[in-house]
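> need a structure here:
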Amino acid sequence: MELPVIVGIVLVALIFDYINGFHDAANSIATVVSTRVLSPGQAVVWAAFFNFIAAFGFGTAVAKTIGSGMIDISLVTPAVIFSGLCGAIAWDLITWVLGLPTSSSHALIGGYAGAAIATAGWAAIVPSGWTKTLAFIVVSPLIGLTAGLALMVGVYWIFRGATPSRVDHWFRKLQLVSAALFSLNHGANDAQKTMGIIAGLLFSVPALRHLVSDAAGNMFIPFWIVLLAHTAIGLGTLSGGWRIIHTMGARITKLEPVHGFAAETGAAGAVFLATTLGIPVSTTHAITGAIVGVGSTRRLSAVRWGVAGRIVWAWLLTIPAAAMLGMATQRALGVFGVR
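The predicted structure is shown next:
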């Protein structure tokens, strides 16, 4: 395949990463904006900065899972990767228009899987790579919910004798730290998915395989790909995602700085665990679960369960919907003899 085509697909991957940034900007900044600790402009700069510096120190375990641990790399072609990216981008844009905080991560793996299945059948799927990812669809929001709930209970107990104004003063400062922590983990996990896709693309082209292969012939992620992915997601976060920010920050439950701190810290812990284990987890799931958890500490009716239920349905639909879009794109390319 000609080099300009490969460069074009790399650019499509970076466009997905950019869209991931503005689609998932809500994950990083919705709470800190809704509590008025930062203005929207200040918040996106804060989040984008920490999205980018995550390039320096979190490794590439998630990228390796995406690149070769979920789809049989020997069956992957540039057309498969292009189709998977198109499916993911289409689903992200649909849910962005609808204001739904769905997972860009799951859109990507769904689109990628759908395109691979359209080309090589179910033999393209690596079951072991999907087990942890599918499990964390349930586990990550539960970890976020539990951590957010536990942190809020702990805060209520520790500050039980403090005045509301004093608590608000301290947690306005602490929420800057928790927002930075969550943005750092968001960048660390989400940018790695695009790294894996780009590395998988180059590995699938024999003439370019040496760029992403070690001495033993195994795929690895060079640092220039790491920087490209983190730059793209950081720029996307700078563009914001205001429709989804409204859903995350205001429609699920009313948040004060103390709630924002607990939600962001709890979700950051869940994402950090997944990144360490090399699991492409949904940061959207983690922060939404944490917001529900902190809201529940006041009373169950403080959570708008109808909105939360609509979000859960979008979660469940993401992988199959993106897979169908990826599959449709791949079959459309097949009509023109591109496989």
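> going forward, measure contacts between C-alpha atoms and count neighbours the same way
OK.
> where do the strands sit along the stretch 201-339 of the chain?
Counting by DSSP state E, counting those that start in this stretch, the stretch 201-339 of the chain has no strands to list.
> pLDDT weak spots in it?
240-254, 298-311, 337-339 (pLDDT under 70).
> what about the helices in it?
223-238, 242-246, 257-277, 283-296, 305-335 (DSSP state H, counting those that start in this stretch).
> likewise the stretch 51-200 of the chain?
So, for the stretch 51-200 of the chain - with DSSP H, counting those that start in this stretch - the helices run 61-64, 78-98, 104-120, 127-158, 164-203.
> Now distance to residue 20 and mean neighbour count too, for the ones you listed, in a markdown table please.
Listed next are those as a markdown table, based on distance: least, CA to CA, whole Å; neighbours: other CA atoms under 10 Å:
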| stretch | distance to residue 20 | mean neighbour count |
| --- | --- | --- |
| helix 61-64 | 15 | 26 |
| helix 78-98 | 8 | 24 |
| helix 104-120 | 6 | 28 |
| helix 127-158 | 18 | 19 |
| helix 164-203 | 8 | 24 |
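> okay, those helices in TSV with distance to residue 268 next?
Compiled in TSV, those are given as follows (distance: least, CA to CA, whole Å):
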stretch	distance to residue 268
helix 61-64	16
helix 78-98	22
helix 104-120	16
helix 127-158	8
helix 164-203	5
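> Out of those, which gets nearest to residue 37?
Nearest to residue 37 among the helices of the stretch 51-200 of the chain is helix 164-203 (5.9 Å), distances taken as CA to CA.
> What helices and strands are in contact with that closest one?
helix 3-23, helix 25-34, helix 40-53, helix 61-64, helix 78-98, helix 104-120, helix 223-238, helix 257-277 (3 or more CA pairs under 8 Å, 6 or more residues apart in numbering; DSSP states H and E).
> Deepest in the core, which of the helices of the stretch 201-339 of the chain is it.
Mean neighbour counts were taken over the helices of the stretch 201-339 of the chain using mean count of other CA atoms under 10 Å, and the top value, a mean of 29, falls to helix 283-296.
> That helix - contacts with which helices or strands?
Helix 283-296 packs on helix 25-34, helix 127-158, helix 257-277, going by 3+ CA pairs under 8 Å, 6+ apart.
> looking at these, which is closest to residue 219?
Here helix 127-158 is closest among the helices and strands packed on helix 283-296 (CA to CA), at 15.8 Å.
> Give the other helices and strands that the closest one contacts.
Using 3+ CA pairs under 8 Å, 6+ apart as the test, helix 127-158 ends up in contact with helix 257-277, helix 283-296.
> Against residue 274, how distant is the closest residue to residue 265 other than its chain neighbours?
Nearest residue to residue 265, sequence neighbours excluded (CA to CA, 6 or more residues apart in numbering): residue 178, at 5.3 Å. According to CA to CA, to the nearest Å, residue 178 and residue 274 sit 18 Å apart.
> Any figure for the gap between the most far-flung residue of the chain relative to its centre and residue 294?
Most distant from the centre of the chain: residue 161, at 38.5 Å, with distances by CA atoms, centre = their mean. Using CA to CA, residue 161 is found at 20 Å from residue 294.
> low-scoring pLDDT stretches of the stretch 51-200 of the chain, where are they?
In the stretch 51-200 of the chain (pLDDT under 70), the answer is 101.
> separation between residue 328 and residue 82?
Residue 328 is 12 Å from residue 82, by CA to CA.
> Next: residue 185.
Taken as CA to CA, the span from residue 185 to residue 82 is 27 Å.
> do residue 154 as well
Per CA to CA, residue 154 is found 47 Å from residue 82.
> cool, and residue 274?
Separation of residue 274 from residue 82 (CA to CA) stands at 26 Å.
> do residue 286 as well
Taken as CA to CA, the span from residue 286 to residue 82 is 28 Å.
> wait, what's in contact with the nearest residue to residue 153 once chain neighbours are set aside?
Excluding its sequence neighbours, the residue lying closest to residue 153 (CA to CA, 6+ apart) is residue 297, at 7.1 Å. Applying CA atoms under 8 Å, 6 or more residues apart in numbering, we find residue 297 in contact with 149, 152, 153.
> try 10 Å this time
Listed by CA atoms under 10 Å, 6 or more residues apart in numbering, the contact partners of residue 297 are 148, 149, 150, 151, 152, 153, 156, 259, 303.
> Residue 46 now?
By CA under 10 Å, 6+ apart, the neighbours of residue 46 are 28, 29, 38, 40, 176, 179, 180, 183, 237, 238.
> what's the answer for residue 316, then?
Neighbouring residues of residue 316 by CA under 10 Å, 6+ apart: 102, 103, 106, 137.
> again, but for residue 2
With CA under 10 Å, 6+ apart, residue 2 has these contacts: residue 205.
> Ignoring the adjacent residues along the chain, who's closest to residue 143?
residue 270 (5.9 Å).
> Correct me if wrong: the one you found contacts residue 139.
Yes: with contact defined as CA atoms under 10 Å, residue 270 reaches residue 139; the gap is 8.9 Å.
> Overlap in contacts, the two.
145, 281, 285, 286.
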